[in-house]
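Q: Have a look at this prediction, sequence included:
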Amino acid sequence: MEPIPAAQSSSGNANDLVRKLQETEETVNAFLANPWKVPWIKRKDPELVKAFSRISSRLVELRVYLELGAAGASPPPPVHAVISVLQRITDTLGRDAAWDAAEDLKIALLYFAPDAHLLSLLDGEAELKELREQRAAAEKTGEAFSPKWRAVVVDRLASLYQQRMDSWRHDRANEQLRANYYFAVTVVLGVVLGLAGAMTVWAGKPFSGPVNTLLLTAMAAGALGSVLGGVYSLRDEVMGIRQLRAFWPVLTAQPFVGATAAMLLFAVLTSGLIQVGNLDVESFTWQHHTVFGFLAGFSEPFFLGVVKRVAGLADEKKAPPQAPLPPKQAAATESPVAKPAR
């Protein structure tokens with residue numbers, strides 16, 4: 001086994017850090033200066049831009065600490081750890097990787113921060129109330145903010161930030177996995193919907209006749225209603241970044257869900273299982289099917305109400321007929337209710 005090379009001098013480490021900091025600042029500033037991913041066609045991901053802005057703030061904070069002489073403090077801060085994080089920051093960084101780099105910088109900067117800033121960070125964390133109380137008691141006794149106290153505060157803050165990072169990573173992985181399943185279900189639903197629609201229009205009249213036209217009209221109206229419902233939800237509901245990130249795959253699946261609901265409602269209406277007012281099934285026009293298809297895609301309660309009603313009809317047909325009551329029991333049930341005594 002080869003021996004581990006000796007560590008560089010403190011001044012050499014500081015010079016390497018300053019040089020890498022300048023390179024990273026140039027990369028981040030160039031990324032933030034250009035808002036376009038594809039010039040004049042597609043803008044950069046707003047969440048990715050926010051993550052790079054957070055990184056930019058961390059870099060400014062690091063430069064302030066270096067100018068205050070933090071690199072030469074005793075004990076020396078983890079310069080190589082910061083350089084390692086800075087090496088990960090490139091203009092091709094993904095959204096989640098950018099957030100991780102920003103949070104890793106936040107943790108590493110704790111070792112560069114002056115004592116006053118550490119105490120300010122400690123005061124702002126509700127989870128570290130016990131440590132704040134211990135520090136307040138130590139100040140009353142005149143105990144200074146010694147290197148031992150500093151190490152304890154840095155360790156507790158770093159642990160807290162790391163726990164939050166792990167929680168955010170779990171949430172992002174959960175959202176990404178959910179989005180993957182949504183897209184997979186959308187593909188499957190689209191294929192099944194296409195096959196079901198083709199089989200429906202092929203039955204009896206191969207791709208010709210008014211029934212096929214009305215079915216396609218109803219399905220298109222259902223897709224339109226489902227998308228419009230999603231737009232209203234996006235407009236009216238107050239959503240955070242995570243909710244908006246999870247909403248995109250749902251909105252992608254909306255047209256297929258609406259078309260599927262409209263196709264089922266079309267089959268229910270044309271089969272006569274449910275009668276709408278005094279309207280005859282044969283008298284339905286494309287306007288009728290457009291309205292009903294749109295409602296099936298737009299309103300989930302409306303569609304589920306139709307499904308429950310059809311299921312109720314099926315249950316009624318399956319229920320066995322009731323046996324006739326005996327004569328005495330029938331007479332008792334038919335007897336008038338006794339009047340209460342005055």
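A: Received the coordinates, thanks.
Q: For the rest of this, base every contact and every neighbour count on C-alpha atoms.
A: OK.
Q: Do a quick rundown of the helices in this protein.
A: 10-33, 46-67, 79-87, 95-109, 115-123, 129-140, 147-202, 210-236, 241-271, 286-298, 300-318, 327-334 (DSSP state H).
Q: What mean pLDDT does the shortest one get?
A: Mean pLDDT, taken over the full extent of helix 327-334, equals 50.
Q: Show me the shaky parts of the stretch 51-200 of the chain.
A: 70-75, 143-144, 195-200 (pLDDT under 70).
Q: What's the separation between Ala81 and Leu17?
A: From Ala81 across to Leu17, the span is 10 Å (C-alpha to C-alpha, to the nearest Å).
Q: So if I had to pick from these two, which one is more boxed in?
A: Leu17 (23 against 13; other C-alpha atoms under 10 Å).
Q: Excluding residues flanking it in the chain, which one is nearest that one?
A: Leaving aside its sequence neighbours, Leu17 sits nearest to Ile83 (C-alpha to C-alpha, 6 or more residues apart in numbering; 6.0 Å).
Q: gap between that neighbour and Lys20?
A: Taking C-alpha to C-alpha as the measure, Ile83 falls 7 Å from Lys20.
Q: Over to Ser233?
A: According to C-alpha to C-alpha, Ser233 stands 46 Å off from Lys20.
Q: Between those two, point out the one with more neighbours.
A: Using other C-alpha under 10 Å as the criterion, Ser233 and Lys20 rank with Lys20 on top: 17 against 13.
Q: isn't the more buried one right up against Arg88?
A: No: assessed by C-alpha atoms under 8 Å, Lys20 is found out of contact with Arg88, at 11.1 Å.
Q: Any idea how many residues pack against Thr217?
A: For Thr217, using other C-alpha under 10 Å, the count is 21.
Q: Same check on Glu23?
A: By the criterion of other C-alpha under 10 Å, Glu23 has 15 neighbours.
Q: what's near enough to touch the residue positioned nearest the centre of the chain?
A: Note on the chain: the residue nearest the mean C-alpha position is Ala246, at 2.7 Å, using C-alpha atoms, centre = their mean. Residues near Ala246 by C-alpha atoms under 8 Å, 6 or more residues apart in numbering: Glu175, Gln176, Arg178, Ala179.
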